[in-house]
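J.: sequence unknown, structure follows:
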């Protein structure tokens, strides 16, 4: 009988269970995330978090203690070089368990366990928090007023454009009228000059003729 013993043997003997947890811890340290069942993940959390806490102190004794549990040199170097630097400021709680449903076949509850500080997506969502806003009628009325102002602003802008277009047309018509008047004046000036020139020629001939008549009389 169990008699309030909360230790989960996972249906294995001691040696088998310790070897399994050691392999799972090595995989978690190397890959930062593994998929397994919920009972195994809970037991792995109890096994691997004290090892990560020991890796914060990089000494020969700590490395030997960790190696006696993991039995992998590569996992030990990865733990002391990269993982311990990321979790140096965290006082525990290095892992996260997220359930993923039930497995086909035996309907076992599945999940994945990961190292918290190596999930960049979760860290990004937690860091950028949205500012809380409070709804009120005053803000709604103010927003409506601003919307009305913005709706009326384009109309006010369009009216000067139409006025400018009208003034431009008026100026063009005025310029055309002025040009036509100038042309008429030039034509009239040309006509007047043409009428004046023959009279001057006739006058010159008349003045020249009396002089020619007077010249023979003087010789006689």
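T.: Ah, there it is. Not measured: the values here are computed from a predicted model.
J.: in the protein, what secondary structure element scores lowest on mean pLDDT?
T.: Sorting the helices and strands of the chain by mean pLDDT, DSSP states H and E puts helix 137-219 at the bottom, at a mean of 59.
J.: Count the residues that sit near the residue nearest to residue 58 when sequence neighbours are not counted.
T.: Nearest residue to residue 58 in three dimensions, chain neighbours excluded: residue 80, at 5.4 Å (C-beta to C-beta, 6 or more residues apart in numbering). C-beta: built from backbone N, CA, C; applies to glycine. The number of residues packed around residue 80, counting by other C-beta atoms under 10 Å, is 19.
J.: Isn't residue 80 up against residue 55?
T.: Yes - contact criterion C-beta atoms under 8 Å: residue 80 and residue 55 qualify, at 5.3 Å.
J.: Identify the contacts common to these two.
T.: 62, 66 (C-beta atoms under 8 Å, 6 or more residues apart in numbering).
J.: Pull out the buried positions in stretch 26-35.
T.: The neighbour-count check on stretch 26-35 (16 or more other C-beta atoms under 10 Å) flags 26-29, 32, 34 as buried.
J.: Quick one: these as TSV, columns for distance to residue 186 too.
T.: Compiled in TSV, the buried residues of stretch 26-35 are given as follows (distance: C-beta to C-beta, whole Å):
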residue	distance to residue 186
26	106
27	103
28	101
29	101
32	94
34	100
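J.: farthest pair in those residues?
T.: Farthest apart among those by C-beta to C-beta are 26 and 32. That separation is 12.1 Å.
J.: wait, what's in contact with the closest residue to residue 118 other than its chain neighbours?
T.: Counting by C-beta to C-beta, 6+ apart, residue 32 is the residue found nearest to residue 118 once chain neighbours are left out, at 4.3 Å. With contacts defined as C-beta under 8 Å, 6+ apart, residue 32 is in contact with 114-115, 118.
J.: Much appreciated, bye for now.
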